[in-house]
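Chemist: Pasting the sequence and the predicted coordinates here, then a few questions.
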Amino acid sequence: MTATDRRRSVVPPYLLRAVAAAGEHPRAASAARTALAEMSAVAAPKHEHRVRPQGVTGTVDRSPQRTVADAHGSTTLPGTVVRREGDPDSGDAATDEAYAGLGATHAFWLDVFGRVSIDGAGLPLDATVHYGQDYDNAYWDGSRMVFGDGDGEVFRRFTVALDVIGHELAHGVTQYTADLTYEGQSGALNESVSDVFGSLVAQYAAGQTADQATWLIGQGLFTDAVHGVALRSMRAPGTAYDDPVLGKDPQPATMADYVETTEDSGGVHLNSGIPNHAFYLAATAIGGHAWEGAGAVWWDALTSAETTAGIDFAGFAGVTVRAAADRFGDGSAEHTAVRDAWRTVGVLAAS
């Protein structure tokens, strides 16, 4: 398994295609075509090797070990190291935002779940900024975070959104736990898990309750030229943007609008809206800090032996319902909230 086989990008291909066709934004269109060509050149495997670690042995350094490199507009990785752990601010916004985002994500996993870095064993957190020319994406490649600067017409630099950094590093967490196959419903769950924990990273850093959170993924990435607030909305999938040039956010919120497609590995960025909305419903019904309620349940499910690589929505929903009962008690408010959330989005049948 090579690093590029594990590339997971935050901007979905359907949105890049819309940008690529936007005559009103020629620079953005050119940048999106480049991003699409690079994305299509990376063939994600349908069946991935599972890499569940068997536990940490020996002494592990619990502090973050961050290194940020600068690609200087090239697509050669890793680039030139410009900031290491403990170094002061560099003065470059992308470098310092990436460094801070890696630190906030490390703090979330350690403080909330006692997990030392994304692999649970102190994996160094590496990132590259200023990747490509006007590159319209950010991605996890199996070993590092890579950030484009955006095209300036549709997208700003991709280090501005903490939840995006949390999202991409959560792909690494999934890689080291359930290793959900990146296709169809298990692939949509892979994307959803990253949205869930990416949002929780941002909520934890801001000290927000479930009611205070925006539940937006990628807020701040769009320039003022776009009629939209984010890439995706967990609160209301399908409403993140509605732009005369880029079109309307196509994510479904329930199984009634599930999208059958062969594109984007079976619609992994589209249908992730359904489990995303289930998480939002569960988290807000439970209330308080989402990482203590629904987040803890989702973590238990992600690390459960019941969660197989190719699990579908109904299978994962069942694991979360049982996890909620195990953690909070059968018939508890948390157990009921998780079960009802999956019923509301149509994954589990109403009783």
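Modeler: Noted; the coordinates are in hand. Numbers count the residues shown, from 1 in each chain.
Chemist: Which strand runs longest in the protein?
Modeler: When the chain is parsed with DSSP state E, its longest strand is strand 125-131.
Chemist: list the helices and strands that strand packs on?
Modeler: In terms of contacts (3 or more C-beta pairs under 8 Å, 6 or more residues apart in numbering; DSSP states H and E), strand 125-131 is packed against strand 66-70, helix 93-113, strand 145-148. The way it works is simple: take the backbone N, C-alpha and C, and place the C-beta from them, glycine included.
Chemist: among the ones you listed, which is the most enclosed?
Modeler: strand 145-148 (a mean of 28; mean count of other C-beta atoms under 10 Å).
Chemist: Can you get me the centre-to-centre distance for that strand and its chain?
Modeler: 13 Å (C-alpha atoms, centre = their mean, to the nearest Å).
Chemist: what about Phe155, distance to Phe147?
Modeler: Noted for Phe155: a distance of 11 Å to Phe147, by C-beta to C-beta, to the nearest Å.
Chemist: Pull the contacting residues for Asp242.
Modeler: 227-228, 248-249 (C-beta atoms under 8 Å, 6 or more residues apart in numbering).
Chemist: Format the helices and strands packed on strand 125-131 as a markdown table; extra columns: mean pLDDT and distance to Gly86.
Modeler: Below are those laid out as a markdown table (pLDDT from 0 to 100; distance: least, C-beta to C-beta, whole Å):
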| stretch | mean pLDDT | distance to Gly86 |
| --- | --- | --- |
| strand 66-70 | 98 | 9 |
| helix 93-113 | 98 | 10 |
| strand 145-148 | 96 | 19 |
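Chemist: which stretch among the ones you listed comes nearest Asp211?
Modeler: Among these, the nearest to Asp211 by C-beta to C-beta is helix 93-113 (18.8 Å).
Chemist: Let me see the residues that make contact with the closest one.
Modeler: Outside helix 93-113, the residues touching it (C-beta under 8 Å, 6+ apart) are 62, 64, 66, 68, 70, 82-83, 89-90, 115-118, 125, 127, 129-130, 145, 147, 149, 157, 159-160, 162, 165-166, 169, 173, 197, 200-201, 204-205, 291, 295, 299.
Chemist: What is the three-state secondary structure of the residue nearest to Asp312 when sequence neighbours are not counted?
Modeler: In space, Asp312 comes closest to Gln185 once its chain neighbours are excluded; the distance is 4.2 Å by C-beta to C-beta, 6 or more residues apart in numbering. What DSSP: H, G, I helix; E, B strand; the rest coil gives for Gln185 is helix.
Chemist: Any chance of TSV for the contacts of Asp242, columns secondary structure?
Modeler: As requested, these are arranged in TSV below (three-state DSSP):
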residue	secondary structure
His227	coil
Gly228	strand
Lys248	strand
Asp249	coil
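Chemist: ok, back up a step: then the longest strand of the chain to CSV, C-alphas only?
Modeler: Below are the C-alpha coordinates for strand 125-131, written out as CSV (Å, rounded to 0.1, in the frame of the first residue of the first chain):
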residue,chain,number,x,y,z
LEU,A,125,2.5,14.9,12.6
ASP,A,126,3.9,16.1,9.3
ALA,A,127,2.4,18.6,6.9
THR,A,128,3.3,20.4,3.7
VAL,A,129,2.0,23.8,2.8
HIS,A,130,2.1,25.9,-0.4
TYR,A,131,1.6,22.7,-2.5
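Chemist: Alright, that wraps it up for me.
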